[in-house]
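A.B. asks: no sequence on this one, just coordinates:
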């Protein structure tokens, strides 16, 4: 029997970690959305970003609920904070979403407060 030759892409996938494969999958999913990559996210200017929901949580502040959604596009991450909300129908773990708003730095993380959003199928 002769040695089986593997393509470079298959060799890379077989040697890659689960995190690397997940990042690559999310990057492919976000291609074509017309969004700014999160590793190039400018602060304090209007932006359009997209990614996959990685975490959702309710974080009350001063007695007011805040629905926080962390998204990743495989290159970086950003957190959307929806003030006064406990949940938003359709926003759940694994869902693709596009956010539009102004990103700011909050204790070392990028945050967009009350962004406009579009759910992506």
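C.D. replies: Sure, I can see it. Every value quoted in this text rests on a predicted model; they were computed, and no experiment measured them.
A.B. asks: Show me the beta-bridge partners of residue 72.
C.D. replies: Taking DSSP bridges as the rule, residue 72 bridges to residue 52, residue 77.
A.B. asks: could you show me where the strands are in the protein, in order?
C.D. replies: 46-58, 66-72, 77-83, 96-106, 109-113, 116-120 (DSSP state E).
A.B. asks: what does stretch 68-79 contact?
C.D. replies: The contact list for stretch 68-79 (C-beta atoms under 8 Å, 6 or more residues apart in numbering) reads 22-27, 30, 35, 37-41, 49-59, 80-82, 88, 91, 97, 99, 103, 109-112. Bear in mind the C-beta positions are built from the backbone N, C-alpha and C, glycine included.
A.B. asks: Endpoints of it, how far apart?
C.D. replies: 7 Å (C-alpha to C-alpha, to the nearest Å).
A.B. asks: just to revisit the earlier point, just the buried ones from the contacts of stretch 68-79, in PyMOL syntax?
C.D. replies: Buried residues within these, by 16 or more other C-beta atoms under 10 Å, are selected in PyMOL with:
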select buried, resi 23+26+30+35+38+41+49+50+51+52+53+56+80+81+82+91+97+99+103+110+111+112
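A.B. asks: ok now the longest helix belonging to the chain, how far from the chain's centre?
C.D. replies: Assignment by DSSP state H gives helix 18-30 as the longest helix of the chain. Centroid separation between helix 18-30 and its chain, computed with C-alpha atoms, centre = their mean, to the nearest Å, is 11 Å.
A.B. asks: now stretch 71-79
C.D. replies: With C-alpha atoms, centre = their mean, you get 4 Å for stretch 71-79.
A.B. asks: Let me see the contact set for residue 93.
C.D. replies: Taking C-beta under 8 Å, 6+ apart, one finds 53, 54, 55, 56 in contact with residue 93.
A.B. asks: Next, count neighbours for the residue found closest to residue 64 once you drop the neighbours it is linked to in the chain.
C.D. replies: Spatial nearest neighbour of residue 64, chain neighbours left out: residue 84 (5.9 Å); criterion: C-beta to C-beta, 6 or more residues apart in numbering. Per other C-beta atoms under 10 Å, the neighbour tally for residue 84 reads 9.
A.B. asks: Thank you, goodbye.
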